[in-house]
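> below: sequence and its predicted model.
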Amino acid sequence: MTRYVMVADLRRCVGCQTCTAACKHANATPPGVQWRQVLDMETGTYPQVQRTFVPVGCMHCADPPCEHVCPSTATKIRPDGIVEIDYDLCIGCGYCAVACPYQARHIVHKRDLAYDKQAMAHEDARFDEGRMSVAMKCNFCQGRIDTAKETGQTPGVDPEVTPACVNSCIADALHFGDRDDPNSNVSALLAENQTFRMHEELGTDPGFYYIWDKNE
Amino acid sequence: MSRIEPWHQVNWDWRAAGNFIGGGSGTGLVILAALAAGQGTTYWPLGFLGVILVGIGLFCVWLEIGRPWRALHVFYHPQTSWMTREAFVSALLLPVTMVAALASSPFLFEPAVAKGAIWLAALLAALYLYCQARILHCSKGIPAWRHPSLMPVIILTGLTEGAGFLLMGTALVGGHFVWPLLLLLILLLGRWMAWRRYLANLAETGAPSKALAVLNGATPMINILGHYAASILIVLALLTGAFGPLFAALAGLAAIAGGWQMKFVVVARAAFNQGFALPLTPVRGTGKPGPADKPGWSKSGP
């Protein structure tokens, strides 16, 4: 089996938002919609304070609440663990958005432009009517992952078949790969480090790991 | 700047609340009208009203969805989606209740058909109401909705509102109103207790602070109108002879208003999402992890 997951090393992330920009570029998300973003979390009390940069987005859960509640079967889990949306089936009811505990889903009902009235050339070129008024979210750049099956390349290792956010990371904090492959890059990271997953107590079995320390 | 603390979800608004308001009241009425019909109360106007209320709720949902002309896709996922299940039940509930109302009406008086259809409609209405409670419970991204203590609130307020409409209908079309009054009193007590339990349990397990503030802030008016005023009016209806039906109708109206406010507040005002949290912060320099962080929550519950 294959289970594609993302691993973010919180010790390395500097909050530069390059992954956010790369995602917007790769997926042409409209203004205000970020499939990948990096939170800037301040914790503790003076003088013991800490700042942590936390990449978030769709966690591609193995037990995704969004898939359970979706009335149209537009949201599906692929055999490789990627949670995808069929834009042609989605009715835009928003039930998945309120079911997702990661705030990863967005519905845009009208076309927004970066500069109000005048669309830029790339906005016109990449506008997709099929994504209007339906749910959308990070799909781990699934087109690239699918290309890997044809080219024989390895997602997470070969940049051409790796999510844009991972490719763009300047600090080597974001990693992508097959958790079920014991020889994969992410399996090695998970074996060598201590990790947690966000809101794990909700039973969603998220596919996004956060490294917080090396193994003892 | 990214948001970290829970913020109010933007996908379900008053139209979603309208579905729970119309659907809950309508199904509550269809259930209690079946009981009342067994006691000799005229069914058909109540049945029609139930259909209209449920229909208004479904119309609200239709207004809410982004792609309304794909609405039939809602039937594709009965395996796990309570929204699909609600849609299937509604597809049976509306025609069956219409048949029950028509068959018991003077236009098409068919008592044998009416009796079976009335009880079948009541059963379907109960299923529909249960689906609505489960829809909120399965909304895992909204702590105030997913709490299991909300389910009895949704079911009990639906029945309470149904009893309210029954009393208002009885005032108009005639029929016994003493037992519906007593039933309403019991349902009011049940709803009041369920609401208290919901708020207490939510505070106990932890929830977004803003959601708790909204719910606690709305509770006095919900109680004054929907529970205390309604109960006083019930007592007045039982004690005053000639004005009994009038006070009974007003008690019903107050119970409905309280229930509608309750659902509007829950669905459209207290729907703060999960936000983000860290069970640990990364080890840097000191060799020790920092403390956990769950900003915007009353306590670090699930």
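Ah, there it is.

> can you pull the buried residues of stretch B:82-98?
Of all the residues in stretch B:82-98, those buried under the rule 16 or more other C-beta atoms under 10 Å in any protein chain shown are B:82-90, B:93-94, B:96-98. Placement of C-beta: from N, CA and C, glycine included.

> show me which of the residues you listed neighbour chain A.
B:82-84, B:87 (C-beta under 8 Å from any C-beta of the partner chain).

> okay if I get these as a markdown table plus pLDDT and secondary structure?
Compiled in a markdown table, those are given as follows (pLDDT from 0 to 100; DSSP: H, G, I helix; E, B strand; the rest coil):
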| residue | pLDDT | secondary structure |
| --- | --- | --- |
| B:82 | 98 | helix |
| B:83 | 98 | helix |
| B:84 | 98 | helix |
| B:87 | 98 | helix |
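
> of the residues you listed, which is the nearest to residue B:105?
Proximity of these to residue B:105 (C-beta to C-beta) peaks at residue B:87, which lies at 27.1 Å.

> now do the contacts for residue B:110.
Residues near residue B:110 by C-beta atoms under 8 Å, 6 or more residues apart in numbering or on different chains: B:103-104.

> again, but for residue B:216
Listed by C-beta under 8 Å, 6+ apart, the contact set of residue B:216 reads residue B:199.

> which helix or strand contains it?
In this assignment (DSSP states H and E), residue B:216 forms part of helix B:209-223.

> now do the buried residues in stretch A:199-216.
Neighbour-count burial for stretch A:199-216 flags A:199, A:202, A:204, A:206-213 (criterion: 16+ other C-beta under 10 Å).

> now residue B:76. Nearest residue, chain neighbours left out?
Spatial nearest neighbour of residue B:76, excluding adjacent residues (C-beta to C-beta, 6 or more residues apart in numbering or on different chains): residue A:73 at 4.6 Å.

> can you name the element that comes right after the helix holding residue B:216?
Per DSSP H and E, the helix or strand that comes after helix B:209-223 is helix B:230-239.

> ok now stretch A:207-216, how far from the chain's centre?
Distance of stretch A:207-216 from the chain centroid (C-alpha atoms, centre = their mean, to the nearest Å) equals 17 Å.

> sorry, that was for stretch B:293-302
Counting by C-alpha atoms, centre = their mean, stretch B:293-302 comes out at 27 Å from the chain centroid.

> just stretch A:200-216 next, same as before
15 Å.

> what mean pLDDT does that stretch have?
Stretch A:200-216 carries an average pLDDT of 94.

> do it and chain B meet at all?
Yes - judged by C-beta under 8 Å from any C-beta, stretch A:200-216 comes into contact with chain B at A:200-202, A:204, A:210-214.

> neighbours of the residue of the stretch 1-150 of chain B found nearest chain A, how many?
Evaluated by C-beta to the nearest C-beta, the stretch 1-150 of chain B has residue B:66 as its residue closest to chain A, separated by 2.2 Å. As a burial measure, residue B:66 scores 18 neighbours (other C-beta atoms under 10 Å in any protein chain shown).
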